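Enquirer: Give me the fold of what follows.
(one chain, ligands or ions: 1)
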Amino acid sequence: MPLGGAPIIPIGSPMAVMPTTPRAQKPRSKSEEAISDLLLRIPDIGILFDVHSRIGNGTFSTVLLATLRRESHLPDNVRRKFAIKHHIPTSHPDRIMKELQCMTKMGGTNNVVGIHCCLRCDASAAFVMPYMPHDRFHDFFTRMDVSEIRLYMRNLLIALRHVHKFDIIHRDVKPSNFLYNRRRREFLLVDFGLAQHVLPSMGSSSAGMGAVGKRSREADNEEQLAQHSMQGGGGGAAGAGIPMEIAPSDAELGGAVKRMRLEEGSKMPLKQINEIAQGEAPPADFGNPNNPGQQASVQQLQQPEQNYNAPGGGTASGSKYNTNRNAAGSGTKCFCFANPSVCLNCLMKKEVHASRAGTPGYRPPEVLLKYPDQTTAVDVWAAGVIFLSIMSSVYPFFKAPNDFVALAEIVTIFGDQAIRKTALALERMVTLSQRSRPLSLRKLCLRFRHRRVFSDDKLHRSHANQDGKCEVCRNCDQYYFNCLCEDSEYNDEPLDPYECFPASAYDLLHRLLEVNPHKRITAAEALLHPFFTAAEGQNQAATGPLSGGGDHQMTEKSPQAEQSASRKQRRQRYPKVAGAAAGNEQMKQQLELDVHASNYEKL
Ligand SMILES: Nc1ncnc2c1ncn2[C@@H]1O[C@H](COP(=O)(O)OP(=O)(O)OP(=O)(O)O)[C@@H](O)[C@H]1O
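Expert: Got it, this is the predicted structure:
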């Protein structure tokens with residue numbers, strides 16, 4: 001793809017020597033600084049391009065807007081625009097090479113960014129890509145109506161389906177890497193800096209035989225889980241009782257299970273870890289991060305993973321990872337359980353090598369559980385998180401300081417059973433000290449989306465006792481009238497009047513956010529989901545192309561037409577609301593405001 005005569009510079013052939021003297025003039029702004037740095041490090045860019053401004057800044061690069069020098073005589077609106085991604089000099093060459101390969105192999109079609117050329121000078125490299133002006137996710141994620149959300153999700157899944165066909169995991173799917181131009185209805189998946197090939201042994205999430213094998217293994221594990229739960233001391237329902245130790249099962253699982261100890265229930269895992277550790281007589285200043293006592297607790301947190309390696313080494317799946325170097329020998333007994341340190345035998349074991357590349361908040365359970373055989377399902381989860389942000393109007397949705405808390409957040413929403421079963425299916429084990437029932441994604445989306453209504457003081461007062469207090473659900477920690485639990489025991493506030501999504505949207509959300517990666521829907525399957533197909537007939541224009549980037553136009557209604565249509569819909573819908581909020585003037589006003597803000601259609 002030569003760019004109007006610009007040379008494609010093969011990696012490995014230095015083009016010029018980087019000037020050693022910095023520019024005399026001090027840059028005035030970050031943008032100028034970035035331009036100056038690019039021109040200094042790769043002087044040929046300045047020969048070919050006019051570099052105008054910085055358009056993006058990531059961890060590994062700076063992206064700048066440029067036009068061709070030889071087109072400088074043309075009017076502004078005719079000059080072609082390019083995005084130049086200038087990699088930070090410390091970026092590993094392999095990483096840059098991988099990104100380049102992804103873009104050349106898959107890019108330029110199906111909403112996936114392409115590349116015109118790559119320029120390198122000494123340690124610096126820059127990709128020249130087509131420029132796509134785009135909107136900030138922040139500015140539109142609460143403003144899209146259902147048809148636009150459908151369009152957005154569909155195009156994201158189109159990009160993922162394309163990437164996954166190549167058995168590539170993007171690994172960094174997030175709003176800032178999926179560019180959207182609202183006016184032109186164009187989409188572009190960028191940033192393959194963390195992309196990874198699915199290893200042949202893994203098979204893709206959609207793979208026939210591989211998936212079957214995994215599913216049957218998972219079924220075995222679920223059966224085992226049920227048996228263990230019945231045998232366990234809790235009695236009654238599976239896994240009942242706190243703490244939820246499944247220790248007796250570990251030996252029976254023959255070491256296939258790597259045990260990840262997430263002490264504490266779903267909400268504040270580190271707190272309970274500390275509490276448990278306190279019970280085991282830690283040093284007095286246990287909470288100090290610089291304190292060796294806490295390090296010991298972290299080791300203790302991880303050590304049970306290594307406790308249950310099969311004496312024969314390796315894992316049931318035959319993975320090259322997780323093997324015990326000393327496994328052939330006899331003295332591999334672990335001595336670290338319940339001790340604030342890791343025993344020598346465990347220290348000598350190989351670490352689990354599971355990629356955790358990606359952005360916090362978008363990592364799926366299998367990554368948080370350190371499952372080595374990750375597949376393209378990683379990206380599908382991230383797409384689900386984006387969908388959840390849009391539907392709930394909460395961005396970012398997950399925000400945890402570390403992977404343990406991130407897993408705890410997932411437990412809070414999906415319940416402990418789902419995580420434990422998945423952990424077993426992945427040959428990992430999570431130990432939880434507390435039960436946690438799943439929340440309803442529909443309640444979560446609607447209550448967050450209409451938070452002004454549901455967190456209103458008057459609503460609280462209308463449900464409070466005489467002493468002004470209101471019962472709180474023990475599972476979801478919400479006032480009973482706002483209970484988010486899937487099987488709520490409370491008579492909570494009705495949601496139907498606030499509904500703005502079709503049932504198929506929640507169904508798709510559930511499937512994208514399936515905790516078990518082997519059961520998670522693939523991007524190709526998701527595109528056939530009724531959320532997209534049911535609307536296809538009615539709204540063909542809004543669904544965008546199945547392939548190719550962005551020539552499609554959605555028939556846009558004028559703002560006036562949209563307003564009058566939504567007023568009509570509100571009149572039809574609101575008799576119900578008036579009933580639900582009868583006697584609560586504030587509630588009605590709030591509702592009006594809310595409807596104005598969300599402007600959603602009930603399908
Ligand atoms: N082709 C493009 N057209 C327009 N803007 C772009 C293009 N590619 C990237 N950008 C902008 O630059 C930003 C950073 O790009 P990119 O994600 O590739 O860099 P990064 O260093 O890997 O970032 P991060 O560390 O956040 O993942 C994007 O969020 C986007 O705003």
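
Enquirer: can you give me the strands in the stretch 51-200 of the chain?
Expert: Assigned by DSSP state E, counting those that start in this stretch, the strands in the stretch 51-200 of the chain fall at 61-68, 81-87, 117-121, 124-130, 168-169, 178-181, 186-189, 196-197.

Enquirer: how about a markdown table for those, with mean neighbour count and distance to the ligand added?
Expert: In this view, the C-beta of every residue, glycine as well, is placed from N, C-alpha and C. Below are the strands of the stretch 51-200 of the chain laid out as a markdown table (neighbours: other C-beta atoms under 10 Å; distance: least, C-beta to the nearest ligand atom, whole Å):
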| stretch | mean neighbour count | distance to the ligand |
| --- | --- | --- |
| strand 61-68 | 22 | 3 |
| strand 81-87 | 23 | 3 |
| strand 117-121 | 21 | 14 |
| strand 124-130 | 23 | 4 |
| strand 168-169 | 26 | 15 |
| strand 178-181 | 22 | 6 |
| strand 186-189 | 24 | 6 |
| strand 196-197 | 16 | 14 |
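
Enquirer: Turn those strands into TSV, including mean pLDDT and distance to Arg428.
Expert: Formatted as TSV, these follow (pLDDT from 0 to 100; distance: least, C-beta to C-beta, whole Å):
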stretch	mean pLDDT	distance to Arg428
strand 61-68	97	34
strand 81-87	97	35
strand 117-121	96	39
strand 124-130	97	37
strand 168-169	98	19
strand 178-181	98	30
strand 186-189	98	30
strand 196-197	94	20
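
Enquirer: Show me the shaky parts of the stretch 1-150 of the chain.
Expert: 1-27 (pLDDT under 70).

Enquirer: That one: helices as residue ranges?
Expert: Taking DSSP state H, counting those that start in this stretch as the test, the helices found in the stretch 1-150 of the chain are 30-41, 43-48, 93-106, 137-140, 146-165.

Enquirer: hey, which of those is tucked in deepest?
Expert: Among the helices of the stretch 1-150 of the chain, helix 146-165 has the highest mean neighbour count (mean count of other C-beta atoms under 10 Å), at a mean of 23.

Enquirer: So for the ligand, which of the helices of the stretch 1-150 of the chain sits nearest?
Expert: helix 93-106 (8.4 Å; C-beta to the nearest ligand atom).

Enquirer: Just list what the closest one packs against, helices and strands only.
Expert: strand 124-130, helix 146-165 (3 or more C-beta pairs under 8 Å, 6 or more residues apart in numbering; DSSP states H and E).

Enquirer: Pull up the pairing partners for the first one, direction included.
Expert: Using DSSP bridges, the strands paired with strand 124-130 are strand 81-87 (antiparallel), strand 117-121 (antiparallel).

Enquirer: roughly how far apart are Tyr490 and the ligand?
Expert: 42 Å (C-beta to the nearest ligand atom, to the nearest Å).

Enquirer: quick revisit: the strands paired with strand 124-130 into a markdown table, with extra columns for distance to Ser504?
Expert: Listed next are the strands paired with strand 124-130 as a markdown table, based on distance: least, C-beta to C-beta, whole Å:
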| stretch | distance to Ser504 |
| --- | --- |
| strand 81-87 | 35 |
| strand 117-121 | 42 |
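
Enquirer: quick one, which of the ones you listed is nearest to Asp416?
Expert: Closest of the strands paired with strand 124-130 to Asp416 is strand 81-87, at 42.2 Å (criterion: C-beta to C-beta).

Enquirer: Next, the angle helix 93-106 makes with that closest one.
Expert: 150 degrees (axes from the mean of the first three to the mean of the last three C-alpha atoms, to 10 degrees).

Enquirer: Could you write out the alpha-carbon coordinates of strand 81-87 in PDB?
Expert: What follows is strand 81-87, C-alpha atoms only, in PDB (Å, rounded to 0.1, in the frame of the first residue of the first chain):
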ATOM      1  CA  LYS A  81      -5.300  13.200   6.200                       C
ATOM      2  CA  PHE A  82      -3.100  10.600   8.000                       C
ATOM      3  CA  ALA A  83      -2.700   9.500  11.600                       C
ATOM      4  CA  ILE A  84       1.000   8.900  12.400                       C
ATOM      5  CA  LYS A  85       1.500   6.600  15.300                       C
ATOM      6  CA  HIS A  86       4.900   7.400  16.800                       C
ATOM      7  CA  HIS A  87       5.900   4.500  19.100                       C
END
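
Enquirer: Let me know the angle separating that strand from helix 30-41.
Expert: 70 degrees.

Enquirer: and the helices of the stretch 1-150 of the chain as CSV, adding distance to the ligand?
Expert: What follows is those, written out as CSV (distance: least, C-beta to the nearest ligand atom, whole Å):
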stretch, distance to the ligand
helix 30-41, 11
helix 43-48, 16
helix 93-106, 8
helix 137-140, 9
helix 146-165, 13
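
Enquirer: Present these as a markdown table; the columns should include distance to Arg451.
Expert: Shown next, in a markdown table, are the helices of the stretch 1-150 of the chain (distance: least, C-beta to C-beta, whole Å):
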| stretch | distance to Arg451 |
| --- | --- |
| helix 30-41 | 35 |
| helix 43-48 | 47 |
| helix 93-106 | 39 |
| helix 137-140 | 17 |
| helix 146-165 | 19 |
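
Enquirer: Tabulate the helices and strands packed on helix 93-106 (a markdown table), appending distance to Leu513.
Expert: Conversion of the helices and strands packed on helix 93-106 to a markdown table gives the following (distance: least, C-beta to C-beta, whole Å):
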| stretch | distance to Leu513 |
| --- | --- |
| strand 124-130 | 31 |
| helix 146-165 | 13 |
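
Enquirer: Nearest to Leu65, out of the ones you listed?
Expert: Smallest distance to Leu65 across those (C-beta to C-beta): 10.9 Å, for strand 124-130.

Enquirer: residues in contact with the closest one?
Expert: 3, 6, 11, 18, 38, 41-42, 45, 49, 66, 81-87, 89, 91, 96, 99-100, 103, 113-120, 190 (C-beta atoms under 8 Å, 6 or more residues apart in numbering).
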